[in-house]
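Q: Model the following, please.
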Amino acid sequence: MSRSTQVARLDLAGIIVGIRRMAPLCLFVVVFGLAFGVAALSRGLSGLEAMLMSALVFAGASQFAALELWGPEIPLLPLIATTFAINARHLLMGAAIQPWLAHLPPAQRYASVVVMSDSNWAMAAADYQKGKTNVGMLVGGGIALWVTWLFGTLLGVLFGSGIEEPQRFGLDVIMGCFLLAMLVGGRRDLSILLPWAAAALAALAAMTWLPDHAHVIVGAVAGGLVGVLLPARKGEKP
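A: Residues are numbered from 1 along each chain as shown. Have a look, this model is predicted:
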């Protein structure tokens, strides 16, 4: 793995490139947003509330999970715990690219992670592994995803019908497959399978014996620990 020693930068040209690279995946994000808009209305949220949730939360899995707990009386603590469990992976995702962002001005650094999601993080992490210095993929990709997520939610709110169960069409695995392809596509070392295997086994065990959504944290921590403990390959920085 070779990483550039040049200081990372963020500029408009890089952001535009990030938007263009993320554009094909955004088509699927619209479908998920549409499904969320429809589901939100069916759970009693107004169109404005659904749009505000998508704009401010910007986390599809957490938003759908929140709808499952939504009702006349909202269980606040379970809602907070569930949201944290689902999004805890962002702690490790942020830590993985922290060295890349560390030299950016604080305003740019924190603004970059505000729009971080699975897909643009995966592309950005791949760029980081290749030694690229422009952080525009993370920001531009995040902006593209956020805008299309809002657009999809708006479609669901306006038309009140759509694909309420994307898993019936296999659309729920598109993001996961994309993430996996981005992370392992450029690697020729089979050792990359060890952290993934550890994460999968730990997550499956957690799904069996621990409370709902705990598998997200358990799998992420297990995979991260195995990745950290793996010896660095020759020529790699530890």
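
Q: Would you mark the buried spots in the top helix by length along the chain?
A: Longest helix in the chain, counting residues (DSSP state H): helix 12-42. By 16 or more other C-beta atoms under 10 Å, the buried positions in helix 12-42 come out as 14-15, 17-19, 21-22, 25-26, 28-41. Using the backbone N, CA and C atoms, a C-beta is placed for each residue, glycine as well.

Q: What helices and strands are in contact with that helix?
A: With contacts defined as 3 or more C-beta pairs under 8 Å, 6 or more residues apart in numbering; DSSP states H and E, the packing partners of helix 12-42 are helix 47-56, helix 60-69, helix 118-129, helix 136-159, helix 174-184.

Q: So for G223, what's the pLDDT?
A: We have a pLDDT of 78 for G223.

Q: Could you give the number of residues near it?
A: Neighbour count for G223, taken as other C-beta atoms under 10 Å: 22.

Q: how near is it to A96?
A: Between G223 and A96 the computed distance is 11 Å (C-beta to C-beta, to the nearest Å).

Q: swap in W70?
A: Separation of W70 from A96 (C-beta to C-beta) stands at 32 Å.

Q: what does stretch 51-63 contact?
A: Applying C-beta atoms under 8 Å, 6 or more residues apart in numbering, the set of residues contacting stretch 51-63 from outside is 32-33, 36-37, 40, 45, 66, 82-83, 86-87, 115, 117, 146, 149-150, 153-154, 157.

Q: Of those, keep whichever come out buried.
A: Burial by neighbour count, judged by 16+ other C-beta under 10 Å, picks out 32-33, 36-37, 40, 45, 66, 82-83, 86-87, 115, 117, 146, 149-150, 153-154, 157 from the contacts of stretch 51-63.
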